[in-house]
Structure formats: structure tokens, C-alpha cells
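> starting from these lines, generate the structure:
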Amino acid sequence: MAGHYLAEIPADLFELLTSGAGSALTTRLNDGLSSVSYDEIVDTIENSIALDNALNLQLSDTTRRSMMLARRGQGLFRENVERLEKECRLTGVTNRMLLIASHIKPWRSCLTAQERLDGNNGLLLTPDADFLFDRGFISFDDSGRPILSSRLCRADLCRMGLGRFADGFQPANDLIGGERPASFRTEQKGYLSYHRSNVFLG
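Next up, the predicted model:
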């Protein structure tokens with residue numbers, strides 16, 4: 001018999017799952033699915049929010065389109081992030097073609113269009129770093145130093161090619177003798193606080 005894994009989820013995610021956004025998941029489970037993955041939960045919630053945005057007549061067409069692109073880290077949101085961030089805070093990669101514009105406070109958790117498009121609510125991250133940040137395996141303190149979740153082991157970091165961060169988990173620039181990444185701006189710190197409290201796995 002397969003085991004079951006229980007994990008705590010943020011309060012706002014619980015509210016979304018138990019409100020209208022959760023009805024589609026309930027339907028899928030009632031249709032015979034025994035479980036729903038993290039990605040399916042996120043997609044269902046974000047699709048529900050996106051539909052609400054599309055039907056919101058108080059938003060201009062430009063704002064609706066900008067928010068849809070922001071969901072994927074593109075368009076105006078990416079431009080806003082690139083005005084503030086020039087490299088991956090974890091790996092030091094600067095080639096913009098290798099970087100993803102990632103929300104600090106997740107798109108699905110933002111309460112306004114302004115939060116979803118705010119460049120202060122974003123980081124440029126390589127795909128692996130984006131995955132770790134989005135899933136809460138890493139976060140950052142206000143000074144710019146990465147924080148490693150206890151749920152991410154050294155062996156897995158090595159397998160991902162990020163083993164150099166396992167011992168002391170220092171930013172790349174520290175390890176190659178360069179300057180440390182700059183501290184975060186005041187406007188970014190509120191979003192980071194949200195990430196550490198509601199996304200980071202601690």
C-alpha cells in the first residue's frame with residue numbers, strides 16, 4: 001500500500017483551494033484521480049485567477065494582457081525586473097537569454113495587478129535556481145545571501161550541479177573572489193519577507 005505524504009501549505013493557498021479555485025480540483029478527484037500534483041494545483045489556481053482577470057471589466061485590455069504575460073515572467077514584468085536585477089542572485093549568470101524573471105511573491109498570491117507587474121517583486125534566476133526558489137527550497141535574506149531549506153540535501157544540490165553552494169551555501173560571487181551581490185532594495189524586502197514566511201520550506 002502506497003504511503004501518504006502530508007505537508008503544511010500557506011494559509012492563502014488553503015483559502016484558494018477551499019474556495020472557487022478548488023472546485024475544479026475537487027471535480028478531478030471525484031472523477032477518479034487519486035491525487036493531484038503540486039503543478040496541477042498551481043495551474044488550476046492560476047487558471048482560475050487568470051479567468052477572473054480576463055472577465056474583470058475594471059481592468060484595461062493593456063493591464064489584462066500585461067498580467068497574463070507577467071504570469072509567465074514575460075512582457076512588462078520582465079522589463080521591470082531587468083531594470084533592477086542584472087544577474088542570477090544564486091549563480092551569478094548574466095546572460096539574459098539564460099535567465100527567468102521569477103516572482104518573489106508568487107503571481108497567484110498577489111492581490112493586485114500592481115503587485116503582479118512590480119519589478120521589485122521579481123528576480124532574474126537560472127532555470128534550476130528558479131525551480132528551487134519557486135518551490136521554497138531556497139530563499140534570500142535582506143542582505144542578498146541565499147538561505148537553504150533543510151529539506152534540500154547536499155547530495156541533491158551536487159546532482160543538480162550546484163554542489164558548490166552546499167558548504168556554507170555562499171553566493172557564486174563569494175566563491176570566485178568577486179563582490180557579494182548587493183543587498184535588496186527596501187521595496188524588495190517586503191516581497192522577500194512574504195516569500196520567507198509563506199513559500200520557503202524552512
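> quick check: Ala101 is in a strand.
Yes - the assignment for Ala101 by DSSP: H, G, I helix; E, B strand; the rest coil puts it in a strand.
> residue boundaries of the helices in the protein?
For the chain, helices defined by DSSP state H occupy the ranges 11-17, 21-30, 38-55, 61-71, 75-82, 113-117, 127-134, 154-159, 172-175, 186-198.
> which of these comes out lowest on mean pLDDT?
Among those, helix 172-175 carries the lowest mean pLDDT, a mean of 43.
> return the set of buried residues in stretch 104-116.
Ile104, Lys105, Pro106, Trp107, Arg108, Ser109, Cys110, Ala113, Glu115, Arg116 (16 or more other C-beta atoms under 10 Å). C-beta: built from backbone N, CA, C; applies to glycine.
> correct me, but the fourth one touches Arg116?
Spelled out, that is Trp107. Yes - contact criterion C-beta atoms under 8 Å: Trp107 and Arg116 qualify, at 5.7 Å.
> okay, the buried residues of stretch 104-116 in TSV with distance to Pro127 next?
As requested, those are exported to TSV (distance: C-beta to C-beta, whole Å):
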residue	distance to Pro127
Ile104	17
Lys105	20
Pro106	17
Trp107	17
Arg108	20
Ser109	21
Cys110	22
Ala113	26
Glu115	24
Arg116	21
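> need the max-distance pair from those residues.
Largest separation among the buried residues of stretch 104-116 by C-beta to C-beta: Ile104 and Ala113, giving 16.3 Å.
> burial count for the residue nearest to Ala129 when sequence neighbours are not counted?
In space, and not counting its chain neighbours, Ala129 is closest to Leu90: 4.1 Å by C-beta to C-beta, 6 or more residues apart in numbering. When neighbours are defined as other C-beta atoms under 10 Å, Leu90 has 23 of them.
> how close does Leu90 sit to Arg196?
15 Å (C-beta to C-beta, to the nearest Å).
> and for Leu98?
26 Å.
> could you find the closest non-adjacent residue to Ser150?
The nearest residue in space to Ser150 (C-beta to C-beta, 6+ apart) is Gly202, at 6.9 Å.
> could you do Glu115 as well?
Leaving aside its sequence neighbours, Glu115 sits nearest to Asn121 (C-beta to C-beta, 6+ apart; 5.9 Å).
> got a list of what that neighbour touches?
By C-beta atoms under 8 Å, 6 or more residues apart in numbering, Asn121 lies in contact with His103, Ile104, Lys105, Cys110, Glu115, Gln188, Tyr191.
> as TSV, the residues you listed with distance to Ile147 would be great.
Below are those laid out as TSV (distance: C-beta to C-beta, whole Å):
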residue	distance to Ile147
His103	18
Ile104	13
Lys105	16
Cys110	22
Glu115	22
Gln188	15
Tyr191	15
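> how much space between Phe140 and Glu85?
Distance of Phe140 to Glu85, computed by C-beta to C-beta: 12 Å.
> oh sorry, the question was meant for Gly144
In terms of C-beta to C-beta, Gly144 sits 11 Å off from Glu85.
> among the two, which residue is more densely surrounded?
Glu85 (23 against 16).
> ok, that one touching Leu123?
Yes - Glu85 is within contact range of Leu123, at 5.8 Å (criterion: C-beta under 8 Å).
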